[in-house]
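>>> I'd like to go over a predicted model; first the sequence, then the structure.
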Amino acid sequence: MSINEIVGIIEGKILCEGCSPDLKYTTGFASDLMSDVLTIKSENLILITGLVNIQSIRTAEMSDINCIIFARNKVVNEDMIEIARENNITLISSPYSMFRVCGLLSQAGIQPVF
Amino acid sequence: MHFTYHIEGGNFAKAGDTSSQVKKTLKQLNVDGAVIKRTVVALYEAEVNIVAHAYEGIIDVEIDSEKIFIRLSDEGPGIPDIKKAMEVGYSTASAEVREMGFGAGMGLSNIQNNTDIFKITSVVGQGTILEITNQFLVH
């Protein structure tokens, strides 16, 4: 699934275009616990989180995750956007809850990790 | 190749800066992607540990053609029971650390899972030394 398809499904807004729009995503993982995200070995993974701080961006960077969806229109600051851009990470915000974002993406074919 | 980084305890805005720089260096050296990921995940967890628990720390990174060796030494409270600290779910992290998305008691075991050699020593009231090594894949 492409970034544009994802954005359409979750009524999202792209806050920072980091990675190539041609990349396809197959798997999703939702967590506010970054240590949990750091145990994931899947590729082409979308991270869905409600945790909005620099550590969520750094965690994605270390885990080779290049797309993060922030649920419930959380406010992302300039420092976060700068680090995301520097590391080719796309940031998307969605007005929906984590539960609803996960449900919609799952219905559309995004697979769980576990 | 040798790099030294200074880590400030409590400064969460900068937690991850060193891991980020090391990742860029390993990429420039064309190290295998899977090895880079294991290394920087372990290093990032360890860097966050210093920020979360210690007053300050030093990260020394040694890279040669076969491996990366990282020594993280901190001045801090130390770990009274390393075996207990290694248990998944055990944590002494503050509420602030938990708000940053850490402190669930997964860090040390995740570091161990992502490293070829893992050695930790600690003196209560002085600090902790963590040494990790990952071999590069030889093509």
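Sure, I can see it. Quick caveat, the model's predicted, so the values are computed rather than measured. Numbering: from 1, shown residues only, chains lettered A, B, ... in the order given.
>>> and residue A:63, how many residues sit next to it?
Residues lying near residue A:63 (other Cβ atoms under 10 Å in any protein chain shown) number 22. Quick note: C-beta positions are derived from backbone N, CA and C, even for glycine.
>>> test my guess that it contacts residue A:40.
Yes - if you go by Cβ atoms under 8 Å, residue A:63 and residue A:40 touch, sitting 6.4 Å apart.
>>> could you list the low-confidence segments of chain A?
Within chain A, no range satisfies pLDDT under 70.
>>> give the pairing partners of the helix or strand hosting residue B:74; include direction for each.
Following DSSP states H and E, one finds residue B:74 within strand B:67-75. Its sheet considered, strand B:67-75 pairs with strand B:56-63 (antiparallel), strand B:127-135 (antiparallel) by DSSP bridges.
>>> mind listing what the most centrally placed residue in chain B touches?
Among the residues of chain B, residue B:46 comes closest to the average C-alpha position under Cα atoms, centre = their mean, at 2.2 Å. For residue B:46, the contacting residues are B:70, B:72, B:107, B:111, B:130, B:132, by Cβ atoms under 8 Å, 6 or more residues apart in numbering or on different chains.
>>> any idea of the mean pLDDT for the longest helix that chain B contains?
Longest helix of chain B, by residue count under DSSP state H: helix B:33-53. Throughout helix B:33-53, pLDDT has a mean value of 97.
>>> and that helix, what's buried?
B:35-53 (16 or more other Cβ atoms under 10 Å in any protein chain shown).
>>> cool, and stretch B:50-63?
Across stretch B:50-63, burial judged by 16+ other Cβ under 10 Å covers B:50-54, B:56-57, B:59, B:61, B:63.
>>> likewise stretch B:11-22?
Using 16+ other Cβ under 10 Å as the test for burial, stretch B:11-22 gives B:12, B:15-20, B:22.
>>> so which of those reach chain A?
The residues of those that also fall near chain A, by Cβ under 8 Å from any Cβ of the partner chain, are B:12, B:15-16, B:19-20.
>>> which of the contacts of residue B:46 lies closest to chain A?
Distance to chain A across these (Cβ to the nearest Cβ) is lowest for residue B:107, with 5.9 Å.
>>> who's in contact with the closest residue to that closest one other than its chain neighbours?
For residue B:107, ignoring the flanking residues on the chain, the nearest one in space by Cβ to Cβ, 6 or more residues apart in numbering or on different chains is residue B:45 at 4.5 Å. Residues near residue B:45 by Cβ under 8 Å, 6+ apart: A:35, A:38, B:107-108, B:110-111.
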